[in-house]
Each structure stands twice: as structure tokens, then as C-alpha cells.
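1. this one's structure only:
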Ligand code: UDP
């Protein structure tokens, strides 16, 4: 059976996507440099190669002698604040890495890719909910590198007939049975709130309580990792089949069409865990738009994808995983 290469398949999103690919009868081959991923997160049954996107020679080996039908490209650096401090690193990894990958794919005649993009391409969105027609004006280098990636795919498709889909993630959260979120250092809200519950942090710092939102804190659209993974499988099947359902601009938002403030997230975690979460107001974090809520109508119409899990399920699953892995993959 032809394999599906999953770059970044040892990371939080990649490991869950890999798990679901296996469940759908695909043969995933994980490629990861393990800089942020964990061997323990790689779904049992998937192949694994340790290699870096910056090393074109490694790609020659990956594609040589294998039948790879498509690539799901998730490997990237993705912390907004780091991207502001180290923009060149972000361009090198995210843009340079994609170019190396596309060169290798072209040489090996692999003509289908699902690309992980981000809501950060919208910057401060012109309206809520955000549709794919909204202006793209990233306000940090991370968003810029992903927008450039999408543009590279547009041009490669025009020149080489590459089939592609780009998925713009909103706030991915929650866990599967096997895979959960554990970054070092952790920057994301829900795992940080759970760290407070576990006594690993004294309190949650709320980055800005003076936004023009009903309770003053930022609003985000949280999407369950399993819903997100399901969208990848649908997108993969569509690019593999060169589905006529794919629009000329195959770029899709992945969110729930529903936003929650930081305080609403804290309240949900308190309800699910039955424990209090002390909070301290902090200054705003640079580059945070006040509200980001997706419209997912485009992918619902084209591929029939709809999220099936709400905030409670996200927090319940994240809490269950975290209780089994209080120190992430290290414990
Ligand atoms: N946030 C916060 N305290 C934290 C971590 C995050 O107040 O310790 C806020 C952050 O400012 C944003 C929201 O929670 O408004 C979601 O942040 P996260 O880093 O999870 O995702 P992002 O929206 O930046 O991709």
C-alpha cells in the first residue's frame, strides 16, 4: 500500500493525525526531527524516520525506494512570540523547509499535499466570524511564513499540477486516548490552566483583561484535536482523488464557529476538574488579536466536515490525558 508521509508526526497535532490515518486504513510514515515531538507520541503501527526538513539529502532517502502517495506537512516552528524574536529561524524552517519538501516531492513525482496553516494569517481580522475571503494581514512572522507557504503552493500547483489543500487552524486543544498537548515550555492556554490545577503553576496569568470583549479577555475559537484530525483525513482523501469538490482556492478554516473568552475557559476547567484556578491579570501579550472566531462554512460545503465536539469535551479529554501524563511525555 502507498504510504502517506506525515512531517511533524511526533508532535501534538501530527501524532493525533497519524493515529486517525491508521484508523482509516492509511499507511502513515512519520518524519520528525524530534526537536519538539516525542517518540512516545508516534502512533503504534506508523513508520518513523528521524530527519530534519533543513536537510535535503535526508529527503532524497525518504522518497527513494518508497511508494509515497501524498504528504501531510505539519512540521514547523509555531510559537508566535519566538517568531517575533527569531524571524529568520522561522522563515528558514517554515518556508525553507517547505521548499526542500516540495523539491523532493517533485523529484519523486509525489503530487499531493495537505498543508498546515493558521488563523494567524488573518492578523487582526476585519470581521467575526472570519471567512477565508477576509483580508490576510499577518501581524507576526509566524503568520507571514504560513501565508508565504500557501502562496508557494498556489504557484507550484500552477506550474507543476501539484494538488493541495491548506488548513487554517484556529485554537487546537483537547486530547485523544493516546495523544495530548505537552510543549516545553508550554505557552497554550488550556494546558497552562491544567498545570495550575495540578499545582505546577501558582496561578494563571491572564494576558489582558481590558480588551473590548464582554469580560475584557481575549476570545478564541477552540477546536478539538479529533475534529481537526478528521478534517486532515477528509482533505487527504480529496487531494488523493483529485476530488472535483475541491475549490480553485483549496484553503479552509478549521474552527467551531464559536468563541470563548479566557475567563470562560478558566470557568470550564474549574467545572470539569472541580478545583479552583487562581488568576492574576497581566499586561496584554504582543500580537494577540482581541477576537478570533472562524467560519467553517467553506469546508462544510466542500468536504462535508463539521466539528462534532464542543468545549466541554475538549477540556474533559485534555484533563483526562493530563491526569495520565502529569508531566506530559516526560512523566
Ligand atoms: N492566554 C492567557 N494566559 C496564558 C496563555 C494564554 O491569558 O497563560 C491567552 C492568550 O493571550 C490568548 C488565549 O489565551 O488570548 C489563547 O492563547 P494560546 O497561546 O493558547 O493560543 P493563541 O490564540 O495565541 O494561538
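-> Received the coordinates, thanks. Keep in mind that this is a model prediction, so the values were computed, not measured.

2. what's the burial count for the spatially closest residue to residue 156 that is not a sequence neighbour?
-> In this structure, residue 156 finds its nearest non-sequential neighbour in residue 162, 4.6 Å apart by CB to CB, 6 or more residues apart in numbering. Where you see a C-beta, it was placed from the backbone N, CA and C, and this is true even at glycine. Residue 162 has 20 neighbouring residues, counting by other CB atoms under 10 Å.

3. For the closest residue to the ligand within the stretch 151-300 of the chain, what are phi and psi?
-> Proximity of the stretch 151-300 of the chain to the ligand (CB to the nearest ligand atom) peaks at residue 218, 3.0 Å away. Phi and psi for residue 218, reported as degrees, to the nearest 10, are phi -70, psi 150.

4. Please look at it and residue 265 and confirm they touch.
-> No: judged on CB atoms under 8 Å, residue 218 makes no contact with residue 265 at a distance of 10.0 Å.

5. residues from the stretch 201-331 of the chain in reach of the ligand?
-> 204, 205, 206, 207, 218, 220, 262, 285, 288 (CB under 6 Å from any ligand atom).

6. The first one and residue 169, how far apart?
-> Taking CB to CB, to the nearest Å as the measure, residue 204 falls 23 Å from residue 169.

7. Now do the residue nearest to residue 236 when sequence neighbours are not counted: how many residues are near it, please.
-> Of all residues not flanking residue 236 in the chain, residue 114 sits nearest, at 5.4 Å (CB to CB, 6+ apart). When neighbours are defined as other CB under 10 Å, residue 114 has 28 of them.

8. check contacts around the residue nearest to residue 156.
-> By CB atoms under 8 Å, 6 or more residues apart in numbering, the residues touching residue 162 are 102, 105, 106, 111, 112, 113, 153, 156.

9. contacting residues for the last one?
-> Listed by CB under 8 Å, 6+ apart, the contact partners of residue 156 are 102, 106, 162, 164.

10. which other residues reach the helix or strand harbouring the last one?
-> Read it as residue 164. For residue 164, the host element (DSSP states H and E) is strand 163-169. If you take CB under 8 Å, 6+ apart as the criterion, strand 163-169 is touched by 13, 111-119, 121, 132, 149-150, 153, 156-157, 223, 228, 231-232, 235, 238-239, 242, 246, 250-255, 294.

11. Can you list the low-confidence ranges for this structure?
-> Residue ranges of the chain with pLDDT under 70: 331.

12. mind listing the helices for it?
-> Using DSSP state H, the helices of the chain run over residues 12-23, 56-63, 80-85, 87-90, 97-107, 141-160, 189-197, 225-240, 262-273, 297-303, 311-324.

13. Okay, buried residues for the last one please.
-> Okay, so that is helix 311-324. Using 16 or more other CB atoms under 10 Å as the test for burial, helix 311-324 gives 311, 314, 315, 316, 317, 318, 319, 321, 322.

14. What is the burial count for the residue lying closest to residue 322 once chain neighbours are set aside?
-> Spatial nearest neighbour of residue 322, chain neighbours left out: residue 194 (4.8 Å); criterion: CB to CB, 6+ apart. By the criterion of other CB under 10 Å, residue 194 has 25 neighbours.

15. Need the distance between the two termini of stretch 137-146.
-> 11 Å (CA to CA, to the nearest Å).

16. Is it in proximity to the ligand?
-> No: Stretch 137-146 lies out of reach of the ligand by CB under 6 Å from any ligand atom, never closer than 9.4 Å.

17. So what touches that stretch?
-> So stretch 137-146 is in contact with 76-80, 82-84, 87, 90-91, 93-95, 116-118, 120-124, 147, 287, 289, going by CB under 8 Å, 6+ apart.

18. which of those count as buried?
-> In these, burial by neighbour count holds for 76-80, 82-83, 90-91, 93-95, 116-118, 120-123, 147, 287, 289, counting by 16+ other CB under 10 Å.

19. Out of those, list just those in strands.
-> Among the buried ones among the contacts of stretch 137-146, DSSP state E puts 116, 117, 118 in strands.

20. Which ones among these also lie next to the ligand?
-> Within these, nothing lies near the ligand by CB under 6 Å from any ligand atom.

21. now, among the residues you listed, which is nearest to residue 71?
-> Distance to residue 71 across those (CB to CB) is lowest for residue 116, with 11.0 Å.

22. so what's residue 118 bridging to?
-> Beta-bridge partners recorded for residue 118 (DSSP bridges): residue 169.

23. re earlier: now do the contacts for the residue nearest to residue 236.
-> For residue 114, the contacting residues are 70, 71, 72, 73, 164, 165, 166, 167, 232, 235, 236, 239, by CB under 8 Å, 6+ apart.
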